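Student: Based on what follows, work out the 3D shape:
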Amino acid sequence: MLKNPYSGKLIAIEGLDGAGKSTQTGAVISHFNATCAAQICATFEPTEFLVGGLVRGRLLNEWSCTPECLQLLFAADRADHLEKEILPLLERGVNIICDRYFLSSAAYGSIDCEMDWLMQINSTFLAPDLTIYLDISAPACIKRMLDNGRSIELFEKEEILEKVGENYKVAFEKLKGGMDIAYVDGNRPPESITLDVVNLINEKIFNFRLPKVS
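Tutor: Model prediction:
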C-alpha cells in the first residue's frame, strides 16, 4: 500500500462486527471537536456511494454474487471512497477516522478468498497512518448485537466471526513492520476504551504524550 503524502492523517478503526467501532469513532470525534485539539472527521466503509450500496445489499442478502465479485466490489468502493472523500480531505490537512478500511477486506474476505489476492487488489490504495484494532471475542460481539436488536448480516454469525478474528491476526502478521497497528482491549466500558483510543491518536498521530503519573 502507498504511504500517505498529505498533511492530514488517516486512522482506521478495525474489529469484529459488534466490537464497538462506530461507538468509538463517534466518541473520539466528539472528544477532538470538544477540545479543538485537531481538525478530524469520521467516515466509514462500505460507503453510501453507488458501489457501497451494492455491497450493503449483498451483505443483507438482497442479491447474490460470487465471493470474488463481492471482494472486487469492496475494492471498487474503497477506490471511489478515496477519490471522492478521503484524499481531498487529507490534502486539505483534515484528519480522518475511518470505521473499517483495508484490513476488514483481508479478514472478512479471506473466509472465501485467498488473503494474498485480497492484499494484491488493495495494494495500490493509501495505507492508514494508524490502525486501531478493538480486540473482543466473537460471542461477546454477537451478544452485543442481539442486545441492541440488530439483525445478523452475512458475516455476523458467531462461527464466522471466530474465523474473522483469526484472519485479522494472520493479516497483522503479514503486515508486521509495514503498518502501524495497535490493539485495544474492547471488553471494557466504552469510556475506558475511548480514553485509550484518544491517547493512541495523540501519541502516534499528533506526537503528544501525556505526562506519567508518579
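Student: Could you point out which residue ranges in the chain have low pLDDT?
Tutor: In the predicted model of the chain, residues 36-37, 154, 208-214 satisfy pLDDT under 70.
Student: middle-most residue in it, spatially?
Tutor: The centre of the chain sits closest to residue 100, judged by CA atoms, centre = their mean, with a distance of 2.3 Å.
Student: How about that residue: what's its closest non-neighbour residue?
Tutor: Excluding the flanking residues, the one nearest residue 100 by CB to CB, 6 or more residues apart in numbering is residue 45, at 4.5 Å. Bear in mind the C-beta positions are built from the backbone N, C-alpha and C, glycine included.
Student: Next: residue 6.
Tutor: Beyond its immediate neighbours in the sequence, the residue positioned closest to residue 6 (CB to CB, 6+ apart) is residue 90, lying 3.9 Å away.
Student: quick one: what helix or strand has that neighbour in it?
Tutor: If you go by DSSP states H and E, residue 90 is part of helix 87-91.
Student: got the CA positions of whichever helix in the chain runs longest in PDB?
Tutor: As far as residue count goes, and with DSSP state H defining each element, the longest helix of the chain is helix 158-174. Extracted C-alpha coordinates of helix 158-174, given in PDB (Å, rounded to 0.1, in the frame of the first residue of the first chain):
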ATOM      1  CA  GLU A 158     -20.600 -16.400  15.700                       C
ATOM      2  CA  GLU A 159     -18.500 -19.200  14.000                       C
ATOM      3  CA  ILE A 160     -17.800 -16.900  11.100                       C
ATOM      4  CA  LEU A 161     -16.700 -14.100  13.400                       C
ATOM      5  CA  GLU A 162     -14.300 -16.500  15.200                       C
ATOM      6  CA  LYS A 163     -12.600 -17.200  11.900                       C
ATOM      7  CA  VAL A 164     -12.500 -13.500  11.100                       C
ATOM      8  CA  GLY A 165     -10.700 -12.800  14.400                       C
ATOM      9  CA  GLU A 166      -8.100 -15.400  13.400                       C
ATOM     10  CA  ASN A 167      -7.800 -13.900   9.900                       C
ATOM     11  CA  TYR A 168      -7.200 -10.400  11.400                       C
ATOM     12  CA  LYS A 169      -4.200 -11.900  13.300                       C
ATOM     13  CA  VAL A 170      -2.800 -13.500  10.200                       C
ATOM     14  CA  ALA A 171      -3.100 -10.200   8.300                       C
ATOM     15  CA  PHE A 172      -1.400  -8.400  11.100                       C
ATOM     16  CA  GLU A 173       1.500 -10.900  11.000                       C
ATOM     17  CA  LYS A 174       1.800 -10.400   7.200                       C
END
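Student: Quick one: distance of whatever helix or strand comes next after that helix to the chain centre.
Tutor: Following helix 158-174 in sequence order, the next helix or strand is strand 181-185 (DSSP H and E). Offset of strand 181-185 from its chain centre (CA atoms, centre = their mean, to the nearest Å): 12 Å.
Student: would you list every one of the strands in this structure?
Tutor: Here the chain has its strands, by DSSP state E, at 10-15, 40-44, 95-99, 130-135, 181-185.
Student: Just say which of the ones you listed is most tucked in.
Tutor: Between the strands of the chain, strand 10-15 has the highest mean count of neighbours, a mean of 25, where neighbours are mean count of other CB atoms under 10 Å.
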